[in-house]
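Student: Could you look at this predicted model? Sequence included:
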Amino acid sequence: MNFSERLGKLAPYPFVEISRIIAAKRAAGADVVTFGIGDPDIPTPQPIIDRLLSASQDPPNHRYPETDGLPEVRRAIAHWYENRFGVTLDPDTEVLPLIGAKEGIGHAAFCFLDPGDIALVPDPAYPVYGVGTMFAGAESYVMPLYESNGWLPELDAIPTDVARAAKLMWLNYPNNPTSAVATQEDFASAIAFCRENDIALLHDAAYSEVGYDGYRPGSFLQVDGSKDMGLEFHSLSKTYNMTGWRIGMAVGNADMIKALFQIKANLDSGIPQAIQEMAMEALTGPQDCVDDNVAIYQRRRDRVLSALKVLGLSAEVPKASLYVWARVPEGYSSAELAARLLKETDIVVTPGSSYGTYGEGYIRLSLTTPDEQVEKGCQRLEAWSIPTKEG
Ligand SMILES: *Cc1c(COP(=O)(O)O)cnc(C)c1O
């Protein structure tokens, strides 16, 4: 049998490999504490679950959904954007529900990229931007993100011929994995750059609702001109502890929404309607669950930061996102440190190199682990010392 070349180009998806190692360790009796994947441990709020239970009894919900979702769910998304960001969206032309943001991010590449085209992709980053680009037969031009530049791309460093040729740029703030945030001015610079070069600008805002110490991240769509050539991808996963239900959205430029709809209409048949009803409940119901979650993550963030300090690893205090991004000590690669931690303390962290070449030198610790596990893991970190490397 002959498999496609694109299949051969795929690196193992980082968390598939990590899940395998955790399962093997646990089977061998180890008490593994995981700061690995960003997958909220807190259950979906009860009113949202109740809505699923009632919606499941409604026979129309047993049939094929429409690819563009129920009109009511598109209205709920528009209503939420208006309330939260003061961004006005036409629910019929500027909103498209997704089977999770990951699905839309992967498929978006097919709207803008033909074989041989160029996409501007940050590094380190969520892997799907680059993989979607590759699936479309296009090339990623890597925009390195450096700590010295606040983990923002250096747009002036992109050669003019690359900028002129590029069809697409990906951004993601609050950022996974670095936890960096972007200001409205940062978005405005990217918009100006993309307008100048006729590039579609796609922003992934999956963590806009996880801001700490009173900080509330903005939407890219709050910035003038964004809707002329941009889409924002969002998700209910991290905001409402709904990773398992698979629902997100793309919002913004109507022509781009239409293009993504056309691709999706040929590949999927939408989101199960009972789950769309859950999203309506989440987006239009009381929002205190969001603040409650953030308070829990903020406590864990502070606990993890203090344990890292005892261990001697330095990290910025995250303003947002579910991650602490810690510097790896001299002499170690991020994968070596992660492997040592797993071997000697049964703690799982993600090596920064899983997010690209420029993630080397860092490890990512996710805060989506139950409090008592966080405490146990932190005590182990405090009791451990990083072995000095000989030679
Ligand atoms: C978790 C995550 C998503 C995925 O969201 P889903 O809606 O669960 O598919 C998208 N982008 C980033 C950066 C994420 O970390």
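Tutor: Cool, the structure landed.

Student: Have a look at the protein and report its longest helix.
Tutor: For the chain, the helix reaching the highest residue count under DSSP state H is reported as helix 288-311.

Student: how about the helices in the stretch 1-150 of the chain?
Tutor: 5-9, 14-27, 46-55, 71-85, 101-112, 128-135 (DSSP state H, counting those that start in this stretch).

Student: Tabulate those helices (CSV), appending mean pLDDT, mean neighbour count and distance to residue 161.
Tutor: All C-beta atoms are positioned from the backbone trio N, CA, C, and that covers glycine. Converted to CSV, the helices of the stretch 1-150 of the chain look like this (pLDDT from 0 to 100; neighbours: other C-beta atoms under 10 Å; distance: least, C-beta to C-beta, whole Å):
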stretch, mean pLDDT, mean neighbour count, distance to residue 161
helix 5-9, 90, 9, 25
helix 14-27, 80, 14, 32
helix 46-55, 98, 15, 49
helix 71-85, 98, 19, 36
helix 101-112, 98, 23, 19
helix 128-135, 97, 22, 18
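
Student: For the ligand, which of the ones you listed is the nearest?
Tutor: Within the helices of the stretch 1-150 of the chain, the stretch nearest the ligand is helix 101-112; the backing value is 3.3 Å (C-beta to the nearest ligand atom).

Student: give me the number of residues near the residue nearest to residue 11 when sequence neighbours are not counted?
Tutor: Closest residue in space to residue 11, ignoring its immediate chain neighbours: residue 127 at 8.0 Å, by C-beta to C-beta, 6 or more residues apart in numbering. Residue 127 has 18 neighbours, counted by other C-beta atoms under 10 Å.

Student: what does this protein put close to the ligand?
Tutor: Contacts of the chain with the ligand, taken as C-beta under 6 Å from any ligand atom, map to 38, 100-102, 126, 172, 176, 204, 206, 235, 237-238, 243, 248.

Student: So of those, which two are at opposite extremes in space?
Tutor: 172 and 243 (16.9 Å; C-beta to C-beta).

Student: more crowded one of the two?
Tutor: The neighbour count for residue 172 versus residue 243, taken as other C-beta under 10 Å, is higher for residue 172 (25 against 19).

Student: Poorly predicted segments of the chain, please.
Tutor: 13-15, 390-391 (pLDDT under 70).

Student: Quick check: can you list the domain ranges of it?
Tutor: Listed by automatic domain parsing, the domain ranges of the chain are 5-44+289-383, 46-284.

Student: So which of those domains is the most surrounded?
Tutor: domain 46-284 (a mean of 20; mean count of other C-beta atoms under 10 Å).

Student: Please enumerate the helices of the stretch 201-350 of the chain.
Tutor: Going by DSSP H, counting those that start in this stretch, the stretch 201-350 of the chain shows helices at 226-229, 254-265, 273-284, 288-311, 334-345.

Student: For the fourth one, what is the distance to the chain centroid?
Tutor: For helix 288-311, the distance between its averaged C-alpha position and the chain's averaged C-alpha position is 19 Å (C-alpha atoms, centre = their mean, to the nearest Å).

Student: Could you do stretch 260-275 as well?
Tutor: On C-alpha atoms, centre = their mean, the centre of stretch 260-275 falls 20 Å from the chain's centre.

Student: and the host helix or strand of residue 168, which strands flank it?
Tutor: Residue 168 is part of strand 166-172 when elements are defined by DSSP states H and E. Strand 166-172 sits in its sheet next to strand 118-123 (parallel), strand 200-204 (parallel), going by DSSP bridges.

Student: residues in contact with the closest residue to residue 178 other than its chain neighbours?
Tutor: Spatial nearest neighbour of residue 178, excluding adjacent residues (C-beta to C-beta, 6+ apart): residue 151 at 4.3 Å. Residue 151 makes contact with 145, 175, 178, 180, according to C-beta atoms under 8 Å, 6 or more residues apart in numbering.

Student: before we move on, what about residue 51?
Tutor: 277, 278, 280, 281.

Student: Bridge partners for residue 140, pull those for me.
Tutor: Counting by DSSP bridges, the residues bridging with residue 140 are residue 119.

Student: That one and residue 109, how far apart?
Tutor: Counting by C-beta to C-beta, to the nearest Å, the gap from residue 140 to residue 109 is 10 Å.

Student: what touches both of the two?
Tutor: Joint contacts of residue 140 and residue 109 (C-beta under 8 Å, 6+ apart) are 119, 133.

Student: Please report how far the closest residue to residue 129 other than its chain neighbours lies from residue 318.
Tutor: Excluding its sequence neighbours, the residue lying closest to residue 129 (C-beta to C-beta, 6+ apart) is residue 170, at 4.1 Å. Separation of residue 170 from residue 318 (C-beta to C-beta) stands at 21 Å.

Student: Wait, residue 96 touches residue 260, no?
Tutor: Yes: Residue 96 is within contact range of residue 260, at 5.8 Å (criterion: C-beta atoms under 8 Å).

Student: Cheers, nothing more for now.
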